[in-house]
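Participant: 3D model of this:
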Amino acid sequence: MSFLKDSLPNVGAGVILSSLPLVSGLAMAEQSSVSGDATELDPIVVTATLGPRTVGESLSSVTVLDEDTVEKQAPNEFADLLRGQPGVTVVSNGAFGKNTSVYTRGTSNDSTVLLLDGIRIRSATSGGAPWQFVPKELIERVEIVRGPRSSLYGADAVGGVIQAFTLRPEAGPRGWVEAGGGSFDTRKGAAGVSLGDGVTSFSVSGVHKNTDGTELIEGGEDRGFRNSAGVARLSHTLPNGGEAGVSVFESRGNTEFEGGNTDFTLRAVGFSLDTPLSDYWRTRIDLNEARDEQETANDAFADSVFNTRTRTARWENTFTRDVHELVLGSELSSDEVKSSTGFDENSRNNAALFGQLRLNFGPTDVQVSLRGDDNEAYGREETGGVALGHAFDRSHRIRVSYGTSFRAPTFNDLYYPLETYSFGGSYAGNPDLKPEESSAVELGFSGRYPDWFWDVAAYQLDIDNLIALSDDGAGNLRPENVNEAEIRGLELGAGFERGGWRTHLALTLTDARDAGTDNRLRRRSGQGARLDIDRDINTWTLGGTLVAEGYRYDDAANTKRLPGYGTLDLRAIWRFAPDWTGKLSVTDVFDRTYATAERFDGRQYLSAGRTAMASIRYEL
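Facilitator: As a prediction, the model looks like this:
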């Protein structure tokens, strides 16, 4: 049945297989320029804990892609920023808006949470995030947190949490326009404006891009992609030092695949109120709604509609005493499905209580977190985590942590009605499924100096009740809790900034296996590496990215081997006049066409090969 998921978009027929708040003050989290303080390469992050902490203080494995990094790398797609980062593997069914999966620490795509300005983006039917529909032009910053985070974020934060921050308002009236194009008849235009007086700030930005695309399989036709997206953010500082904010994000368009096309809409709307109630007590309320809507026309199957909506209300309270903090909160959420498929159930509610205790004893930090979820579909789940960190001096720190997490069965897993196929066999959901449950232990060391840093982490993750398709031998498939998985890994991240040079290195070793068969988990590569180098020379910035990954198997039986690959991307930025900037990028310079996934018929989904893009930007 895996061919259905491979051949169709995220929530079309193929899906049968189956918060953090707005932080308008996020500027404090940006990496500073290097000037001799070891902490300046230790940026503040807001995703790893329930509150801002430096990367070191978070006691987590975190990768930060700051505004400067995102701007200079100028990726073609959002997932290109993630590809090859420590512990991260990206798999796609071709280029330009095609079905994309992100595997963090060897876990499934359903086991990595995607947040957009604190709002979770996902399909409740397939379970995965629609990475391919998030426009990179509207993303300013990304935080990648690896390791279990269900005790903070609930279901599915098994491998980690990736949070993308959209363009934020800036002081004063400012604006920008950008236009560009390149290979495969790709065209795009983008613009934005920002207003602010120090108390109230507002920004709105939008982008439209269109491409004829390239062939997805050898001998196939070019498959295009069209996307129009925008984001608006409003924030107001209250007289007592609190802040209220509203954000609206929408991305819509059409993507073509082999045998059909999908019209899609992503929408996220959020309201937040963060205010002090006393010198020791701060409270925050977040209300948000996220939609994932996809309508698919397919040559091989009936046309389908899969629309999901998630509404969330979250109340968070932070109590401080000297350098210690206690966070207590509650969360209510509901998932709703409207579909051309008649699910046995089309909604479910979840209630949660959570807390985190953060203690500091000089060079030693302690964190304890606990969360309880009560879901009307699959019952109660309790998750927790404990972490201990010790700083030997200003530059060197050790951390050790243990955490539990779970992945919830999706609506497809639980409620998909019996469907019989003309070519034989059938599929049906299983309402008796239990959530996947996991535990992980991690040991990490880090060093941060005025000009450079390094971080190394080793971990082991054990997953019980792994959800997999069971075949009765006649092609009748049904998801069951039949497997266990064991994942071990080693990650290294390092960076250097000095004299106009900026270098980042990531190395990943992952051994992700089915504990019953000892086979490697499908589509997980065992080795990965990424090297980014950029150099500022007067009005120019020149750079390149090298990404390499080892082989992987496209099937659970480990018979369909996909070879490893390596690509080189080059880029240049020229600030040729005041307020004017030109960019040129060439990805896969040596035209190393490769594949990270196969179709059901054994043909590989091909990368785009050598791709050139150019743009020009004017800031008002």
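Participant: my guess is R284 contacts E316, does it?
Facilitator: Yes: R284 is within contact range of E316, at 4.5 Å (criterion: C-beta atoms under 8 Å). Every C-beta, even on glycine, is put in place using the N, C-alpha and C of the backbone.
Participant: who's more crowded, these two?
Facilitator: More neighbours surround E316 than the other of R284 and E316, with 23 against 20 (other C-beta atoms under 10 Å).
Participant: Which residues does the more buried one form beta bridges with?
Facilitator: Under DSSP bridges, the beta-bridge partners of E316 are R284, G329.
Participant: so it touches L50, yeah?
Facilitator: Yes: taking C-beta under 8 Å as the definition, E316 is a contact partner of L50 at 6.8 Å.
Participant: list the contacts for the residue nearest to G198 when sequence neighbours are not counted?
Facilitator: In space, not counting the residues next to it along the chain, G198 is nearest to A171; the distance is 6.6 Å by C-beta to C-beta, 6 or more residues apart in numbering. By C-beta atoms under 8 Å, 6 or more residues apart in numbering, the contact list for A171 reads G196, D197, G198, S201.
Participant: thinking again about what came up before, any common contacting residues for E316 and L50?
Facilitator: Here E316 and L50 have V327, G329 as joint contacts, going by C-beta under 8 Å, 6+ apart.
Participant: next one: the helix or strand where A352 lies to chain centre, how far?
Facilitator: When elements are assigned from DSSP states H and E, A352 belongs to strand 347-361. Here strand 347-361 shows a centroid-to-chain-centroid distance of 21 Å under the convention C-alpha atoms, centre = their mean, to the nearest Å.
Participant: next one: stretch 491-500
Facilitator: For stretch 491-500, the distance to the chain centre is 23 Å (C-alpha atoms, centre = their mean).
Participant: now stretch 488-507
Facilitator: With C-alpha atoms, centre = their mean as the basis, stretch 488-507 stands 20 Å off its chain's centre.
Participant: May I have it as CSV, with CA atoms only?
Facilitator: Once non-C-alpha atoms are left out, stretch 488-507 reads as follows in CSV (Å, rounded to 0.1, in the frame of the first residue of the first chain):
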residue,chain,number,x,y,z
ARG,A,488,20.9,5.4,18.0
GLY,A,489,22.7,8.4,16.7
LEU,A,490,25.7,10.8,17.0
GLU,A,491,25.5,14.4,15.9
LEU,A,492,28.1,17.1,15.6
GLY,A,493,27.6,20.8,14.8
ALA,A,494,30.3,23.4,14.6
GLY,A,495,30.6,27.0,13.4
PHE,A,496,33.2,29.7,12.9
GLU,A,497,32.8,33.5,12.3
ARG,A,498,35.6,35.9,11.9
GLY,A,499,36.9,38.5,9.5
GLY,A,500,33.9,38.2,7.2
TRP,A,501,34.0,34.4,7.1
ARG,A,502,31.0,32.4,8.3
THR,A,503,31.3,28.6,8.3
HIS,A,504,29.0,25.9,9.7
LEU,A,505,29.5,22.2,9.7
ALA,A,506,27.0,19.4,10.5
LEU,A,507,27.7,15.7,10.7
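Participant: list the buried ones in it?
Facilitator: Buried positions in stretch 488-507, judged by neighbour count with 16 or more other C-beta atoms under 10 Å: 488-489, 491, 493-497, 502-507.
Participant: circling back: outside of the strand holding A352, which residues touch it?
Facilitator: 49-51, 53, 151-152, 154-155, 323-337, 365-377, 411.
Participant: Quick check: buried residues in that strand?
Facilitator: Residues R348, N350, A352, F354, G355, Q356, L357, R358 are the ones in strand 347-361 that count as buried (16+ other C-beta under 10 Å).
Participant: How about stretch 206-224?
Facilitator: Buried, per 16+ other C-beta under 10 Å, within stretch 206-224: 206-217, 220, 223-224.
Participant: Need the per-residue pLDDT for R53.
Facilitator: With respect to pLDDT, R53 has a value of 93.
Participant: my guess is it meets V45, correct?
Facilitator: Yes: the pair R53 and V45 passes the contact test of C-beta under 8 Å, sitting 6.5 Å apart.
Participant: quick revisit: the helix or strand just after the strand holding A352: partners in the sheet, and parallel or antiparallel?
Facilitator: For strand 347-361, the following helix or strand on the C-terminal side (DSSP H and E) is strand 364-375. Note on strand 364-375: by DSSP bridges, its sheet partners are strand 347-361 (antiparallel), strand 379-391 (antiparallel).
Participant: what's the angle from whichever helix or strand comes after the shortest one to strand 364-375?
Facilitator: Spelled out, it's strand 379-391. Later in the chain than strand 379-391, the nearest helix or strand by DSSP H and E is strand 396-407. Strand 396-407 and strand 364-375 are oriented at 10 degrees to each other (axes from the mean of the first three to the mean of the last three C-alpha atoms, to 10 degrees).
Participant: Tell me which other helices or strands whichever helix or strand comes after strand 396-407 touches.
Facilitator: Counting by DSSP H and E, the element after strand 396-407 in chain order, helix or strand, is helix 411-415. Helices and strands in packing contact with helix 411-415 are not found; criterion 3 or more C-beta pairs under 8 Å, 6 or more residues apart in numbering; DSSP states H and E.
Participant: Now do helix 411-415: everything it contacts.
Facilitator: Helix 411-415 is touched from outside by 15-18, 124-127, 308, 335, 337, 343-346, 348, 377-378, 429-431, 433, 467, 479, with contacts defined as C-beta under 8 Å, 6+ apart.
Participant: element containing V231, please.
Facilitator: Under the criterion of DSSP H and E, V231 resides in strand 222-237.
Participant: what about the helices in this structure?
Facilitator: Counting by DSSP state H, one finds helices in the chain at the ranges 2-7, 67-73, 78-82, 150-153, 411-415.
Participant: For the longest one, which outside residues touch it?
Facilitator: Where contact means C-beta under 8 Å, 6+ apart, the residues beyond helix 67-73 that reach it are 30-31, 80-81, 136, 139-142, 502, 504, 532, 534, 541, 543, 545, 571, 573.
Participant: Go again with 6 Å.
Facilitator: Outside of helix 67-73, the residues that reach it under the criterion C-beta atoms under 6 Å, 6 or more residues apart in numbering are E140, R141, D534, T541, G543.
Participant: who's in contact with the third one?
Facilitator: Right, the one you point to is D534. D534 makes contact with K72, R502, T541, G543, according to C-beta under 6 Å, 6+ apart.
Participant: ok now stretch 451-467, how far from the chain's centre?
Facilitator: Taking C-alpha atoms, centre = their mean, one finds stretch 451-467 lying 16 Å from the centre of the chain it belongs to.
Participant: distance of the closest residue to K72 other than its chain neighbours from F165?
Facilitator: Computed as C-beta to C-beta, 6+ apart, the closest residue to K72 that is not its neighbour in sequence is D534, at 5.3 Å. Distance of D534 to F165, given as C-beta to C-beta, to the nearest Å: 21 Å.
Participant: can you check L562 too?
Facilitator: With the distance defined as C-beta to C-beta, L562 ends up 33 Å from F165.
Participant: These two - which one has more neighbours?
Facilitator: Neighbours per residue, other C-beta under 10 Å: of L562 and F165, the larger number sits with F165, 25 against 20.
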